[in-house]
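> 3D model of this:
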Amino acid sequence: MWSSLWRSVDRFSLQNFKYVIKELQQIKVVHKHNREVVIDLLQSIVEIVTYGDRQDPYIFECFMEFQVLAEFVRVLKISSKSRIEAPLLQYLSIMIQNINNELAIYYCLSNGYINSIITHPYEFNGGDLASYYVSFLRAVSSKVNRDTLCLLVKVQGDAVVSFPLYSEALKFSRHSEKMIQTAIRALSLSIYNVMDDMVYQFVTTPPVSAYFSELVYSFRDMCIHLDALVCSIKEKYAHKREEIVLQTEKIADDLFYFKDILSVGDPCLNKLVNQNLFKLLVFPILLPLLQPSWSNDSMISATSSLYIFSHLLQVVEENS
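Model prediction:
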């Protein structure tokens, strides 16, 4: 019993931490034959760092001295079809989520290591890598505040010219998996709520600002699809009712997201979102249908238009 207890304590010792780091440094290429060994080393590092964050400050000093995050970046670069990316991102997510020491958080986000991991050329060809990647982005975003935001952006003059955490996340904004979509929206809102003027300028300037018009276009497509389902009910296709409920829930989710963005309160952000909503949705599609002379060949019926417009008006009015 005493020997097992000793091994448990010794596993989190500074001496063992240095040993594990040196073992990882010896890896020159990651392939299918040493993949499990590398995964075990990464897991051990994360577990020891997480323990040290609460129990032993010397462990994180060692983490910084040996530039362990640089080793994670190196492992990504030397992996050749070894499928090491998913477990590496998973362990990094765990480590970032569990670090509470401000100095440790500041160090992890500095030196460009996190941005290098974010911009690594992953191959998202099916599988669950996208889920692990988005979880990693979400973990990083949870540590972003007014003090740490500057560590993740590239600034030229008085303008942000690169923000990989945000830009790469938006590439998954229309992912087929609902959980990934939800995570991206939560990430974007956490960034908006930092209330940084330069970041607001970045996200509301083309080409990055195209996200908001794409969001409205997607919402418009859902409205048209909902209207088609409602019309099919009139033709006695009762089996469409469940699909209508599902589509209505999707529309409600988007409306809540619009509301959350507008609730941030930034004038530039609000102006951009409102302009897209009115220019791409309300004026060309919804508003004409509420006029007495609306055409029968319109893309959406007056009933659906009134339903959507009333809910949209509530969102806009509450945040005007």
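
> Show the average pLDDT along stretch 301-311.
When pLDDT is averaged along stretch 301-311, the result is 82.

> Counting neighbours, which bits of it end up buried?
By neighbour count on 16 or more other C-beta atoms under 10 Å, the buried set for stretch 301-311 is 301-302, 304-305, 307-309. Bear in mind the C-beta positions are built from the backbone N, C-alpha and C, glycine included.

> quick one: low-confidence ranges for the stretch 201-320 of the chain?
234-239, 289-298, 317-320 (pLDDT under 70).

> What are the boundaries of the helices in it?
For the stretch 201-320 of the chain, applying DSSP state H, counting those that start in this stretch gives helices covering 210-234, 241-263, 267-277, 287-289, 302-318.

> Let's have those helices in TSV, adding distance to Glu65.
Formatted as TSV, those follow (distance: least, C-beta to C-beta, whole Å):
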stretch	distance to Glu65
helix 210-234	40
helix 241-263	42
helix 267-277	41
helix 287-289	63
helix 302-318	51
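
> Out of those helices, flag the one nearest Ile114.
Distance to Ile114, taken as C-beta to C-beta, is lowest for helix 210-234 among these, at 21.5 Å.

> now the closest one against helix 302-318, angle please.
Interaxial angle, helix 210-234 versus helix 302-318 (axes from the mean of the first three to the mean of the last three C-alpha atoms, to 10 degrees): 140 degrees.

> So what touches helix 210-234?
Residues from elsewhere that reach helix 210-234 (C-beta atoms under 8 Å, 6 or more residues apart in numbering): 170, 173-174, 203, 240-241, 243-244, 247-248, 250-251, 254, 257-258, 272-273, 276-277, 280-281, 285, 299-301, 303-305, 308.

> Quick one, which of the residues you listed are buried?
So, by 16+ other C-beta under 10 Å, the buried ones in the contacts of helix 210-234 are 170, 173, 203, 240, 244, 247-248, 250-251, 254, 257-258, 272-273, 276-277, 280-281, 285, 300-301, 304-305, 308.

> How much space separates Leu280 from Ser213?
6 Å (C-beta to C-beta, to the nearest Å).

> Equivalent analysis for Glu71, please.
From Glu71 to Ser213 the distance is 41 Å (C-beta to C-beta).

> Phi first, then psi, for Val160.
phi -80, psi 120 (degrees, to the nearest 10).

> what's near enough to touch it?
153-154, 198-199, 201-202.

> now, the most widely separated pair of those?
Lys154 and Gln201 (13.8 Å).

> Those two: which is more packed in?
Gln201 (15 against 12; other C-beta atoms under 10 Å).

> what about the residue lying closest to the more buried one once chain neighbours are set aside, how many residues close to it?
Nearest non-adjacent residue to Gln201, counting by C-beta to C-beta, 6 or more residues apart in numbering: Ala159, 6.5 Å away. Residues lying near Ala159 (other C-beta under 10 Å) number 12.

> Same check on the one 3 residues further on?
Per other C-beta under 10 Å, the neighbour tally for Ser162 reads 14.

> Show me what it bridges to in the sheet.
Lys154 (DSSP bridges).

> possible to save the contacts of Val160 as a markdown table with distance to Gly265?
Formatted as a markdown table, the contacts of Val160 follow (distance: C-beta to C-beta, whole Å):
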| residue | distance to Gly265 |
| --- | --- |
| Val153 | 21 |
| Lys154 | 26 |
| Met198 | 17 |
| Val199 | 14 |
| Gln201 | 16 |
| Phe202 | 18 |
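
> so which of the helices of the stretch 201-320 of the chain gets nearest Thr148?
When the helices of the stretch 201-320 of the chain are ranked by proximity to Thr148 (C-beta to C-beta), helix 267-277 comes first, at 20.6 Å.

> Let's see the closest one as CSV, backbone CA atoms only.
C-alpha atoms of helix 267-277 as CSV (Å, rounded to 0.1, in the frame of the first residue of the first chain):
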residue,chain,number,x,y,z
PRO,A,267,-22.8,50.9,-31.3
CYS,A,268,-20.8,49.7,-34.3
LEU,A,269,-21.7,46.0,-33.7
ASN,A,270,-25.4,46.9,-33.2
LYS,A,271,-25.4,49.1,-36.3
LEU,A,272,-23.9,46.3,-38.5
VAL,A,273,-26.3,43.6,-37.2
ASN,A,274,-29.3,45.8,-37.6
GLN,A,275,-28.3,46.9,-41.1
ASN,A,276,-27.9,43.3,-42.2
LEU,A,277,-31.2,42.3,-40.7
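
> Sounds good, over and out.
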